[in-house]
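[1] sequence plus the predicted model coming up.
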Amino acid sequence: VRSNNNAVEKPVGGQGAAPLSQNKRIELVKEYLKYVEGGYANVKGDKGGATKHGVTHFTYDGYRKRKHLPLRSVKEMTDKEFEEIIEYFWTKSGADKISNPILSFYVFSTDWGSGIGKSKKFLQQCGGDPQKFEQIRRDFYNRIAVGTNAKFKRGWQNRVTKDHNFAYSKFANNQNNSVA
């Protein structure tokens, strides 16, 4: 993974490193998402509509409703709200129940980009193998990249590659091969 200054980041842990806690995983994911998702965007033709740091206005509205807060533009989302939404997705996706940190991140990232629940089928199909999960995810994006979605295919595939690079640079030395 390259940071904004193009320096290659070093993996967390090393040979025999203690497993990363859920909190440490989430902190790494928060940093990564802020970097990879960028700021505010409203891309013409994107069914997600306006986003900030990858959070759609629909997701932000849901967050504000759950907190009994008045609705407002996703453009006004605070860093604290962004972090709370990540934590919500981490738990709702089931990533917090998966001990293999690479697979855990893949499950989270799939649901982050495609909606909570999308990863469940992929997880069943991969049998707990992160590499198979990644391929299933790539195949899914290839299948849906038709018609008006065709223009997003390259970006979706690039995102899977970025997720792969992040996961293996941060979590490869901290793997536990069990799913739960």
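    It's in. Just so it is clear, the model here is predicted, and its values are computed rather than measured.

[2] ok, now how distant is K80 from Y63?
    11 Å (Cβ to Cβ, to the nearest Å). Bear in mind the C-beta positions are built from the backbone N, C-alpha and C, glycine included.

[3] so those two - more neighbours on which side?
    Counted by other Cβ atoms under 10 Å, K80 and Y63 do not tie: Y63 has more neighbours, with 19 against 8.

[4] which of the three states applies to the more buried one?
    helix (DSSP: H, G, I helix; E, B strand; the rest coil).

[5] mind showing which ranges of this structure have poor pLDDT?
    Of all residues in the chain, those with pLDDT under 70 make up the ranges 1-18, 174-180.

[6] where along it do the strands fall?
    40-41, 51-52, 55-56 (DSSP state E).

[7] centre of the chain to stretch 23-39, how far?
    Its chain's C-alpha centre and that of stretch 23-39 lie 8 Å apart, by Cα atoms, centre = their mean, to the nearest Å.

[8] how about stretch 35-47?
    14 Å.

[9] okay, how far is it across that stretch, tip to tip?
    22 Å (Cα to Cα, to the nearest Å).

[10] and if you look at stretch 39-46?
    First-to-last residue span, stretch 39-46, Cα to Cα: 16 Å.

[11] and among the strands of the chain, the most buried is which?
    Stretch with highest mean neighbour count among these: strand 51-52 (a mean of 22; mean count of other Cβ atoms under 10 Å).

[12] that one pairs with which strands, parallel or anti?
    Under the criterion DSSP bridges, strand 51-52 sits next to strand 40-41 (antiparallel), strand 55-56 (antiparallel) in its sheet.

[13] redo these as a markdown table? Include distance to N100.
    Putting those into a markdown table (distance: least, Cβ to Cβ, whole Å) gives the following:
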| stretch | distance to N100 |
| --- | --- |
| strand 40-41 | 32 |
| strand 55-56 | 26 |
